[in-house]
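Enquirer: sequence and predicted structure are below.
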Amino acid sequence: MLSEALLVSAPGKVILHGEHAVVHGKVALAVALNLRTFLLLRPQSNGKVSLNLPNIGIKQVWDVATLQLLDTSFLEQGDGPAPTPEQLEKLKKVTGLPEDHVCTKGLAVLAFLYLYLAICRKQRALPSLDIVVWSELPPGAGLGSSAAYSVCLVAALLTACENISNPLKDRDAISRWSEEDLESINKWAYEGERVIHGNPSGVDNAVSTWGGALRYQQGKMSSLKRLPALQILLTNTKVPRSTKALVAGVRSRLLKFPEIVAPLLTSIDAISLECERILGEMVTAPAPEQYLVLEELIDMNQHHLNALGVGHVSLDQLCQVTAAHGLHSKLTGAGGGGCGITLLKPGLERAKVEAAKQALTDCGFDCWETSIGAPGVSMHSAASLDDPVRQALGL
Ligand code: MEV
């Protein structure tokens with residue numbers, strides 16, 4: 001068990017195309033955002049495990065001795081990751097959550113306990129740790145905040161337990177793990193995501209682990225080696241929604257109307273493939289017409305997502321407001337509220353972008369201009385934590 005403090009970060013993501021369809025085996029194109037989640041892990045010797053999530057108001061402390069009992073009672077069963085419903089029920093009792101409680105806070109605690117127990121149980125004794133996680137990502141907005149949380153937890157716990165090596169050497173300020181260690185982080189993070197979301201496709205944790213831009217299909221991913229510099233406007237409608245419920249809604253619509261819904265998923269797949277092709281072309285032979293194609297793809301996919309039942313009036317409003325400024329938008333992530341993306345073509349007049357941002361803000365939405373393709377999970381030197389951040393976190 002390492003004795004030093006670890007500072008880890010992982011990015012959120014936006015899905016350009018393929019959300020929901022990816023759950024049904026189709027292609028998704030997803031890119032890492034330059035908005036990140038950070039985790040500081042400090043080994044302790046007070047016999048306690050504490051989890052502090054200031055963004056969502058969680059501060060919980062457990063006695064290692066209590067967790068040790070729980071650990072030996074059921075986690076010895078299997079060797080690999082895979083939370084069984086029985087394990088989760090036992091963990092819910094420790095968190096004090098009601099049986100059917102599914103709020104963000106409860107699920108974040110549940111995922112932590114599962115990952116802590118499952119990863120650290122190979123140690124001679126469960127470690128005493130203090131963990132603080134804070135984020136630039138709004139929770140529940142479709143930007144992969146839960147995946148970034150799971151990826152940070154897993155990377156820190158696996159490193160602290162020396163299951164993977166600390167990539168930070170000597171005076172490095174920042175470093176990344178080997179491909180093999182990233183595989184392991186991604187595999188465990190998927191289990192954290194399963195605790196939170198039920199049956200996710202795995203695209204969110206993959207982007208948060210590897211960063212950049214990924215084509216993802218049925219657990220297989222490939223990095224888009226070169227990506228044109230795309231600027232987007234990211235808008236948070238602030239309408240809360242549950243990914244789990246929205247994914248379940250699409251599944252039941254597919255079961256109810258297979259002949260109608262399956263072709264929609266096939267069409268979304270074709271949109272993702274066309275977008276991938278255009279992005280590839282834009283790197284080698286950029287031309288203004290390619291942005292027009294990207295805009296058309298965005299419009300078509302937004303209509304399909306509405307037909308799948310994952311739209312929302314707030315997202316319609318977002319699309320209308322940006323269309324009034326000549327811009328094209330679609331929801332990103334699970335939909336039902338949450339976030340939308342708007343393509344910002346190069347050479348757009350600054351005044352036009354500012355006017356669109358103001359109109360979106362006037363609707364009560366938050367919006368950021370951002371670039372895409374940030375690095376994946378990274379280890380930072382703990383000394384690089386700024387004083388203002390330390391103060392804000394009460395460290
Ligand atoms: C959520 O970011 C994306 C969905 O496709 C769900 C998933 O892939 O697990 C809606």
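Expert: Done, it's in.
Enquirer: how distant is stretch 185-202 from the center of its chain?
Expert: Going by C-alpha atoms, centre = their mean, to the nearest Å, the spacing between the C-alpha centre of stretch 185-202 and its chain's C-alpha centre is 10 Å.
Enquirer: is residue 30 in contact with residue 14, as I believe?
Expert: Yes - contact criterion C-beta atoms under 8 Å: residue 30 and residue 14 qualify, at 7.0 Å. No exception for glycine: its C-beta is placed from N, CA and C like everyone else's.
Enquirer: give me the more crowded residue out of these two.
Expert: residue 30 (31 against 24; other C-beta atoms under 10 Å).
Enquirer: looking at this protein, which helix is longest?
Expert: For the chain, the helix with the greatest residue count under DSSP state H is helix 258-284.
Enquirer: ok, which stretches of the stretch 151-300 of the chain are helices?
Expert: Per DSSP state H, counting those that start in this stretch, the stretch 151-300 of the chain carries helices over the ranges 179-197, 203-210, 243-256, 258-284, 288-307.
Enquirer: quick check: which of those helices is buried the most?
Expert: Highest mean neighbour count of the helices of the stretch 151-300 of the chain: helix 203-210, a mean of 30 (counted as mean count of other C-beta atoms under 10 Å).
Enquirer: get me the contact residues on the protein for the ligand.
Expert: With C-beta under 6 Å from any ligand atom as the criterion, the chain meets the ligand at residues 15, 19-20, 22-23, 142, 144, 200-201, 203-204, 243, 247, 333-334.
Enquirer: among these, name the ones in strands.
Expert: residue 15 (DSSP state E).
Enquirer: output the contacting helices and strands for the helix or strand in which residue 133 is found.
Expert: Per DSSP states H and E: residue 133 is located in strand 129-135. On a contact count with 3 or more C-beta pairs under 8 Å, 6 or more residues apart in numbering; DSSP states H and E, strand 129-135 meets strand 28-43, strand 48-53, helix 145-160.
Enquirer: now that strand and strand 48-53, what's the angle there?
Expert: Strand 129-135 and strand 48-53 meet at an angle of 0 degrees, taking axes from the mean of the first three to the mean of the last three C-alpha atoms, to 10 degrees as the criterion.
Enquirer: can you tell me the strand partners of strand 129-135 and which way each runs?
Expert: strand 28-43 (antiparallel), strand 48-53 (parallel) (DSSP bridges).
Enquirer: residue 354 is nearest to which of the ones you listed?
Expert: strand 28-43 (20.4 Å; C-beta to C-beta).
Enquirer: the inter-axis angle of the closest one versus helix 145-160?
Expert: 50 degrees.
Enquirer: centre of the chain to strand 28-43, how far?
Expert: 7 Å.
Enquirer: then stretch 223-232?
Expert: 18 Å.
Enquirer: stretch 318-338 too?
Expert: From the chain centre to the centre of stretch 318-338 is a distance of 20 Å (C-alpha atoms, centre = their mean).
Enquirer: same check on stretch 145-164?
Expert: On C-alpha atoms, centre = their mean, the centre of stretch 145-164 falls 13 Å from the chain's centre.
Enquirer: swap in stretch 163-180?
Expert: Mean-position distance between stretch 163-180 and its chain equals 22 Å (C-alpha atoms, centre = their mean).
Enquirer: which residues touch that stretch?
Expert: Here stretch 163-180 makes contact (C-beta atoms under 8 Å, 6 or more residues apart in numbering) with 2, 6, 119, 122, 155, 158-159, 181-182, 184-185, 375-381, 384.
Enquirer: and that stretch, how far apart are its ends?
Expert: One end of stretch 163-180 sits 11 Å from the other (C-alpha to C-alpha, to the nearest Å).
Enquirer: which residue is nearest the middle of the protein?
Expert: Centroid-nearest residue in the chain: residue 144, 2.1 Å away (criterion: C-alpha atoms, centre = their mean).
Enquirer: wouldn't that residue be in contact with residue 12 here?
Expert: Yes - shown here, residue 144 and residue 12 form a contact pair, counting by C-beta under 8 Å, at 4.5 Å.
Enquirer: joint contacts of these two?
Expert: 33, 137, 208.
Enquirer: residues touching the closest residue to the ligand within the stretch 201-350 of the chain, list them.
Expert: Scanning the stretch 201-350 of the chain for the residue nearest the ligand gives residue 201, at 3.3 Å (criterion: C-beta to the nearest ligand atom). Neighbouring residues of residue 201 by C-beta under 8 Å, 6+ apart: 22, 23, 28, 216.
Enquirer: now the two most distant members of those.
Expert: Greatest spatial distance among these (C-beta to C-beta): 23 and 216, at 11.1 Å.
Enquirer: send me the strand holding residue 133 as PDB with only the CA atoms.
Expert: Extracted C-alpha coordinates of strand 129-135, given in PDB (Å, rounded to 0.1, in the frame of the first residue of the first chain):
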ATOM      1  CA  LEU A 129      -8.100   6.600   3.600                       C
ATOM      2  CA  ASP A 130      -9.300  10.100   3.200                       C
ATOM      3  CA  ILE A 131     -10.800  10.900  -0.200                       C
ATOM      4  CA  VAL A 132     -12.000  14.200  -1.600                       C
ATOM      5  CA  VAL A 133     -13.500  14.400  -5.100                       C
ATOM      6  CA  TRP A 134     -14.500  17.700  -6.700                       C
ATOM      7  CA  SER A 135     -15.500  18.500 -10.200                       C
END
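Enquirer: buried residues, that strand. List them.
Expert: Neighbour counts using 16 or more other C-beta atoms under 10 Å place 129, 130, 131, 132, 133, 134, 135 of strand 129-135 among the buried residues.
Enquirer: between those residues, which is closest to the ligand?
Expert: Distance to the ligand across these (C-beta to the nearest ligand atom) is lowest for residue 135, with 15.6 Å.
Enquirer: hey, what's the closest residue to that closest one other than its chain neighbours bridged with?
Expert: In space, residue 135 comes closest to residue 37 once its chain neighbours are excluded; the distance is 4.0 Å by C-beta to C-beta, 6 or more residues apart in numbering. Beta bridges link residue 37 to residue 10, residue 135, judged by DSSP bridges.
Enquirer: I appreciate the help and will end here.
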